[in-house]
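Trainee: test case, fold it:
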Amino acid sequence: MVAVIQTFGSSLNWNPHIHAIVTRGFFLDDASWHPIPYVDTHKAELVFRHKVLRLLRDKDLITEERIDLPESEDIWAVVNYLRTLAAK
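Mentor: Sure, this is the predicted structure:
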């Protein structure tokens, strides 16, 4: 996996997000490739989000209030919620 953190959007506005390239498989010690046929990207996103937020919480870099995002599939609702927290 290769990941890059970008903190701004195309309008140079505050928009932290990650760009990532992830393989759909893995190598074993004998150099044989084992493909992963399907990855549910939504579930992978939820696991990644959970792990990162817990890591930040465990290092006292984020509070539980900031972790408790609205349960919504609408990304703009989440973005707007984060903006209201950042304004506090």
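
Trainee: quick one: stretch 42-58 to chain centroid distance?
Mentor: Between the centre of stretch 42-58 and the centre of its chain there are 7 Å (CA atoms, centre = their mean, to the nearest Å).

Trainee: what does stretch 45-62 give?
Mentor: 9 Å.

Trainee: what are the buried residues along it?
Mentor: For stretch 45-62, the neighbour count (16 or more other CB atoms under 10 Å) marks residue 53 as buried. Any C-beta I mention is one placed from the backbone N, CA and C, and that applies to glycine too.

Trainee: quick one: mean pLDDT over it.
Mentor: Across stretch 45-62, the average pLDDT comes to 86.

Trainee: with just CA atoms, put that stretch into CSV.
Mentor: Output of stretch 45-62 as CSV, limited to C-alpha atoms (Å, rounded to 0.1, in the frame of the first residue of the first chain):
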residue,chain,number,x,y,z
GLU,A,45,-13.2,2.3,4.6
LEU,A,46,-15.0,1.7,7.9
VAL,A,47,-12.2,-0.5,9.3
PHE,A,48,-9.6,2.0,8.2
ARG,A,49,-11.5,4.9,9.8
HIS,A,50,-12.0,3.0,13.0
LYS,A,51,-8.3,2.0,13.3
VAL,A,52,-7.0,5.5,12.6
LEU,A,53,-9.4,7.2,14.9
ARG,A,54,-8.6,4.8,17.7
LEU,A,55,-4.9,5.3,17.2
LEU,A,56,-5.3,9.0,17.4
ARG,A,57,-7.5,8.7,20.5
ASP,A,58,-5.0,6.3,22.2
LYS,A,59,-2.3,8.9,21.7
ASP,A,60,-4.6,11.7,23.1
LEU,A,61,-4.6,13.5,19.7
ILE,A,62,-8.4,13.4,19.3
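
Trainee: what lies in contact with that stretch?
Mentor: 63-64, 67 (CB atoms under 8 Å, 6 or more residues apart in numbering).

Trainee: try it again at 7 Å.
Mentor: 64, 67 (CB atoms under 7 Å, 6 or more residues apart in numbering).

Trainee: so where's the chain uncertain?
Mentor: 69-79, 81-82, 88 (pLDDT under 70).

Trainee: show me the residue sitting in the middle of this protein in space.
Mentor: residue 49 (4.6 Å; CA atoms, centre = their mean).
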